[in-house]
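Q: Just the structure for this:
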Amino acid sequence: MKELVEVIAKALVDNPDQVAVTETLKDDEVILELTVAPSDMGKVIGKQGRIAKAIRSVIKAAASKEDKKVTVEIQ
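A: Numbers count the residues shown, from 1 in each chain. All right, here's what the predicted structure looks like:
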């Protein structure tokens with residue numbers, strides 16, 4: 001999951017070298033924190049959060065195949 005978020009984010013931003021994804025386990029949930037350059041934040045979130053929702057949907061679909069609960073947080 002971590003690699004998937006990273007690949008998607010790097011394709012969207014102007015500074016792919018500043019994309020970082022950290023993975024934390026909390027109870028039975030995996031939390032992925034996506035960090036990008038401040039100038040790229042709008043590209044990752046999108047208008048009215050549409051791109052962020054799309055990223056979360058793709059990750060949720062991939063996680064459901066593995067019977068995992070994954071949350072994506074953008075910072």
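
Q: looking only at pLDDT, what's the mean for stretch 50-63?
A: Stretch 50-63 carries an average pLDDT of 95.

Q: swap in stretch 34-46?
A: Mean predicted lDDT for stretch 34-46 stands at 96.

Q: Pull out the buried positions in that stretch.
A: 34, 36, 40, 44-45 (16 or more other C-beta atoms under 10 Å). From N, CA and C alone the C-beta is placed, and that goes for glycine too.

Q: Counting only strands, which of those make the cut?
A: Judged by DSSP state E, strands contain the following of the buried residues of stretch 34-46: Leu34.

Q: taking the buried residues of stretch 34-46 one by one, which sit in helices?
A: Counting by DSSP state H, the part of these found in helices is 44-45.

Q: Mind putting the buried residues of stretch 34-46 into CSV with distance to Ala62?
A: Listed next are those as CSV, based on distance: C-beta to C-beta, whole Å:
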residue, distance to Ala62
Leu34, 15
Val36, 20
Asp40, 23
Val44, 18
Ile45, 20
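
Q: what's the closest of the buried residues of stretch 34-46 to Asp67?
A: Closest approach to Asp67 among these (C-beta to C-beta): Leu34, at 22.7 Å.

Q: Surely the closest one touches Val72?
A: Yes: with contact defined as C-beta atoms under 8 Å, Leu34 reaches Val72; the gap is 6.3 Å.

Q: shared neighbours, these two?
A: 5, 55 (C-beta atoms under 8 Å, 6 or more residues apart in numbering).

Q: Please enumerate the helices of this protein.
A: So, for the chain - with DSSP H - the helices run 2-12, 41-45, 50-65.

Q: Tell me which of these sits nearest to Glu29.
A: Using C-beta to C-beta, the helices of the chain put helix 50-65 closest to Glu29, at 9.8 Å.

Q: Give the buried residues for the closest one.
A: 51-52, 55-56, 59, 63.

Q: Does anything pack onto it? Which helices or strands?
A: helix 2-12, strand 29-35, helix 41-45, strand 69-74 (3 or more C-beta pairs under 8 Å, 6 or more residues apart in numbering; DSSP states H and E).
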